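Asker: pasting a predicted model and its sequence here:
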Amino acid sequence: MSGFFRARVGSQSVALPLVPVNNEITIALLITVDHGVKFMATAGRELAEKLRPFNPEIIVTAATMGIPVALEVSRHLELDDYLVLQKQAKVHLRQALREPVRAITNDSSGALLLDPARVAALAGKRVAFVDDVLSTGSSVTAALRLLDRAGAHVVAIGALVTEGTQWEDALGDRASLVHALGAIPLFPTAPAPVGEGVGDDWEILGLD
């Protein structure tokens with residue numbers, strides 16, 4: 001399967017390339033930095049409004065594609081600080097809190113790292129974790145484990161889109177914390193019959 005998938009992200013419509021992950025699964029790939037400043041400003045404002053009722057004191061995300069989301073959400077909530085959980089063991093992270101993670105778009109396993117110098121910014125605070133896409137739930141559950149260890153009170157989880165439903169099982173009771181601007185399915189790598197699975201909120205364009 002190749003082509004594009006047109007999805008709704010809040011008030012915006014985007015065409016996402018269909019990319020095979022393996023012989024079974026193809027995903028519609030959303031890369032935040034590919035959609036421009038105006039797209040992220042609008043998406044950040046709309047996601048911020050979904051999170052505003054929970055009164056977060058700080059926004060947390062995971063490197064790298066979640067950073068534009070955290071920046072724009074923080075800006076629209078008028079928060080002056082946000083925190084990024086890193087994925088590379090840089091020199092200042094030798095004593096970092098660490099949680100293993102494996103993402104659907106990455107062939108290798110890795111870890112999320114929390115700078116111990118930033119724990120004080122989280123302890124006892126109302127935290128919203130945000131990311132670009134919530135798919136398997138591996139990244140967000142690793143992030144939640146780190147935030148729990150830091151003494152944060154996670155009040156909401158925000159995403160531009162959810163992908164499939166595997167994240168619901170991964171999050172368990174915390175799945176109810178998720179607020180997203182849209183939802184996209186996972187696709188079989190082999191072409192599906194024409195018309196199968198096409199809903200009102202999206203369409204497949206230019207399939208081969």
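Answerer: Nice, thanks for sending it over. Numbering: from 1, shown residues only.

Asker: switch to C-alpha atoms for all contacts and neighbour counts from now on
Answerer: Will do.

Asker: show me what the nearest residue to Pro20 once chain neighbours are set aside is bridged to.
Answerer: Nearest non-adjacent residue to Pro20, counting by Cα to Cα, 6 or more residues apart in numbering: Thr26, 3.9 Å away. Beta-bridge partners recorded for Thr26 (DSSP bridges): Pro20, Phe187.

Asker: check Pro100 too.
Answerer: Beta-bridge partners of Pro100, as defined by DSSP bridges: Ala111.

Asker: where along the chain do the strands fall?
Answerer: 4-9, 12-20, 25-28, 58-62, 82-85, 97-101, 110-114, 126-134, 153-163, 178-180, 183-184, 187-188, 203-205 (DSSP state E).

Asker: Val101: what's it in contact with?
Answerer: Ser109, Gly110, Ala111, Leu112, Ser138, Ser139, Ala142 (Cα atoms under 8 Å, 6 or more residues apart in numbering).

Asker: adding pLDDT and neighbour count, write the residues you listed out as CSV.
Answerer: CSV is the format used below for the contacts of Val101 (pLDDT from 0 to 100; neighbours: other Cα atoms under 10 Å):
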residue, pLDDT, neighbour count
Ser109, 63, 10
Gly110, 85, 16
Ala111, 88, 19
Leu112, 93, 25
Ser138, 93, 18
Ser139, 93, 25
Ala142, 95, 20
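
Asker: center of this protein - which residue?
Answerer: Asp131 (2.7 Å; Cα atoms, centre = their mean).

Asker: residues near the nearest residue to Ala62 once chain neighbours are set aside, how many?
Answerer: In space, and not counting its chain neighbours, Ala62 is closest to Leu85: 4.6 Å by Cα to Cα, 6+ apart. Residues lying near Leu85 (other Cα atoms under 10 Å) number 23.

Asker: just the pLDDT for Leu85.
Answerer: In this model, Leu85 is scored at 94, pLDDT.

Asker: pretty sure Leu122 contacts Leu147?
Answerer: Yes - with contact defined as Cα atoms under 8 Å, Leu122 and Leu147 form a contacting pair (7.4 Å).

Asker: any weak-confidence spans in this protein?
Answerer: Along the chain, the model assigns pLDDT under 70 to residues 1-2, 91-95, 102-109, 190-208.

Asker: try 90
Answerer: Per-residue confidence for the chain (pLDDT under 90) gives these ranges: 1-2, 64, 86-98, 100-111, 116-117, 189-208.

Asker: OK, contacts around Asn55?
Answerer: Residues in contact with Asn55 (Cα under 8 Å, 6+ apart) are Arg126.

Asker: also Thr26?
Answerer: Met1, Leu18, Val19, Pro20, Leu186, Phe187, Pro188, Thr189.

Asker: what is the nearest of these to Leu51?
Answerer: Taking Cα to Cα as the measure, Leu186 is the one of these closest to Leu51, at 25.7 Å.

Asker: can I assume Leu83 is in contact with Glu57?
Answerer: No - counting by Cα under 8 Å, no contact exists between Leu83 and Glu57, whose distance comes to 11.3 Å.

Asker: for the helix ranked longest in the chain, C-alpha coordinates in CSV please.
Answerer: In the chain, assigned by DSSP state H, the helix with the most residues is helix 36-51. C-alpha atoms of helix 36-51 as CSV (Å, rounded to 0.1, in the frame of the first residue of the first chain):
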residue,chain,number,x,y,z
GLY,A,36,4.8,24.2,9.0
VAL,A,37,4.6,26.9,11.7
LYS,A,38,1.0,27.8,11.1
PHE,A,39,-0.2,24.2,11.3
MET,A,40,1.5,23.7,14.6
ALA,A,41,0.4,27.0,16.0
THR,A,42,-3.3,26.1,15.3
ALA,A,43,-2.9,22.5,16.5
GLY,A,44,-1.2,23.7,19.7
ARG,A,45,-3.9,26.2,20.4
GLU,A,46,-6.7,23.7,19.8
LEU,A,47,-4.9,21.0,21.9
ALA,A,48,-4.3,23.6,24.7
GLU,A,49,-8.0,24.3,24.9
LYS,A,50,-8.7,20.6,25.4
LEU,A,51,-6.2,20.5,28.2
